[in-house]
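In: attaching a predicted model along with its sequence, questions to come.
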Amino acid sequence: MSAAAVELRGVTARYGQVLALDDVTLTMPAGRITAVVGVNGSGKSTMFKLVMGALSPWAGTVQVLGRSTAEARRAGLVAYVPQAHDVDWDFPVSVREVVATGRYGRLGLTRRLRPADRDAVEAALDDVGLAALADRQIGELSGGQRKRAFVARAIAQEARVLLLDEPFAGVDTVSQDGITAVLKQLRKRGTSVVVSTHELGSAPDLADHAVVLHRSLVFSGPAAQGLAPEVLARAFGMVR
Ligand SMILES: Nc1ncnc2c1ncn2[C@@H]1O[C@H](COP(=O)(O)OP(=O)(O)OP(=O)(O)O)[C@@H](O)[C@H]1O
């Protein structure tokens with residue numbers, strides 16, 4: 001059997017005295033779309049930081065495609081699409097340049113793009129429907145288009161596991177549909193997609209698997225069950 005996209009075993013994460021995740025054990029299947037659902041502060045971003053290797057667990061282990069997070073990151077297996085407010089949009093780079101950074105891990109010290117890298121960048125721009133806007137400054141795009149630019153960067157990187165932090169937040173329904181279509185296309189190619197959300201809007205028809213967090217694990221399993229009202233009541237009704 002092939003390795004899970006993401007596996008957490010007995011993971012506890014802390015920021016000083018703050019307990020962000022408490023003894024979480026779960027598996028996210030490879031080649032599927034997983035929705036990580038929970039209220040603000042339930043530990044979604046913390047889980048992403050752990051999977052990216054940007055935060056070490058206080059206890060327990062995290063694996064990505066059967067490897068340590070450090071190995072997965074070095075091999076470019078995992079990519080992260082940030083929330084809009086985590087990015088400096090005034091930075092003077094074009095959409096194409098942002099997408100091209102997805103190839104940097106593959107380049108030598110000169111960081112010079114080879115023809116194959118350029119082709120991968122153009123193909124990724126095409127995949128997300130941004131080819132016509134490739135020369136625009138990233139700051140001149142709408143919120144939904146910016147998110148698609150970061151998805152294109154992850155596609156160019158040829159990441160096998162793609163983490164998206166709140167991809168549907170503050171995005172109109174047309175852009176939401178565009179992002180959803182791209183994610184389904186990636187699943188078809190065998191990419192594992194993990195989407196965090198505190199809005200349930202489009203999660204049910206997008207996700208195969210659901211992880212419901214409330215600092216500890218409320219549910220991990222088929223999306224249809226995880227997004228059932230009684231599970232969500234436990235996740236969203238509880239007061240910390
Ligand atoms: N750098 C930090 N220092 C201290 N506490 C933190 C830090 N980052 C997060 N926390 C705390 O850890 C807990 C989990 O936060 P986390 O960001 O993982 O939640 P989240 O589910 O992603 O929330 P949101 O939906 O608001 O993004 C919260 O109580 C939060 O206040």
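Out: That came through, no problem. Numbering: from 1, shown residues only.

In: burial of residue 174, as a residue count?
Out: Using other C-beta atoms under 10 Å, the number of residues around residue 174 comes to 10. C-beta coordinates here come from the backbone N, C-alpha and C atoms, glycine included.

In: which non-adjacent residue is nearest it?
Out: Setting aside the residues directly before and after it, residue 174 is nearest to residue 144 in space (C-beta to C-beta, 6 or more residues apart in numbering), at 7.4 Å.

In: can I assume residue 52 is in contact with residue 70?
Out: No - counting by C-beta atoms under 8 Å, residue 52 stays clear of residue 70, with 10.3 Å between them.

In: which one of these two is surrounded by more residues?
Out: residue 52 (18 against 11).

In: for the more buried one, phi and psi?
Out: For residue 52, the backbone dihedrals (degrees, to the nearest 10) come out as phi -80, psi -10.

In: any idea how far the ligand is from it?
Out: Distance, residue 52 to the ligand, using C-beta to the nearest ligand atom, to the nearest Å: 13 Å.

In: now do the contacts for that residue.
Out: 69, 73, 78, 80, 163 (C-beta atoms under 8 Å, 6 or more residues apart in numbering).

In: one more pass at 6 Å, please.
Out: For residue 52, the contact set (C-beta atoms under 6 Å, 6 or more residues apart in numbering) comprises residue 80.

In: could you measure it against residue 171, distance?
Out: Here the criterion is C-beta to C-beta, to the nearest Å. By it, residue 52 lies 22 Å from residue 171.

In: picking up where we left off before, buried ones in the helix or strand hosting the residue nearest to residue 174?
Out: Assigned by DSSP states H and E, residue 144 falls within helix 143-157. Neighbour-count burial for helix 143-157, counted by 16 or more other C-beta atoms under 10 Å, picks out 144-157.

In: three-state assignment of the closest residue to residue 38 other than its chain neighbours?
Out: Closest residue in space to residue 38, ignoring its immediate chain neighbours: residue 213 at 3.9 Å, by C-beta to C-beta, 6+ apart. Here residue 213 is strand, with the state taken from DSSP: H, G, I helix; E, B strand; the rest coil.

In: okay, and the beta partners of residue 33?
Out: Beta-bridge partners recorded for residue 33 (DSSP bridges): residue 193.

In: just residue 216 next, same as before
Out: With DSSP bridges as the rule, residue 216 is bridged to residue 214.

In: kindly report the same for residue 63.
Out: residue 7, residue 68.

In: could you do residue 209 as well?
Out: With DSSP bridges as the rule, residue 209 is bridged to residue 34, residue 222.

In: what pLDDT does it get?
Out: Model confidence at residue 209, given as pLDDT, is 94.

In: do the same with residue 44
Out: Reading off the model, residue 44 has pLDDT 93.

In: secondary structure class for residue 54?
Out: At residue 54 the chain is in coil, as set by three-state DSSP.

In: what's the burial count for it?
Out: By other C-beta under 10 Å, neighbour count at residue 54 equals 12.

In: and for residue 111?
Out: As a burial measure, residue 111 scores 10 neighbours (other C-beta under 10 Å).

In: now it. Nearest residue, chain neighbours left out?
Out: Setting aside the residues directly before and after it, residue 111 is nearest to residue 104 in space (C-beta to C-beta, 6+ apart), at 6.2 Å.

In: over to residue 56?
Out: Nearest residue to residue 56, sequence neighbours excluded (C-beta to C-beta, 6+ apart): residue 50, at 7.8 Å.

In: output the lowest mean pLDDT helix or strand found in this structure.
Out: helix 203-206 (a mean of 70; mean pLDDT, DSSP states H and E).
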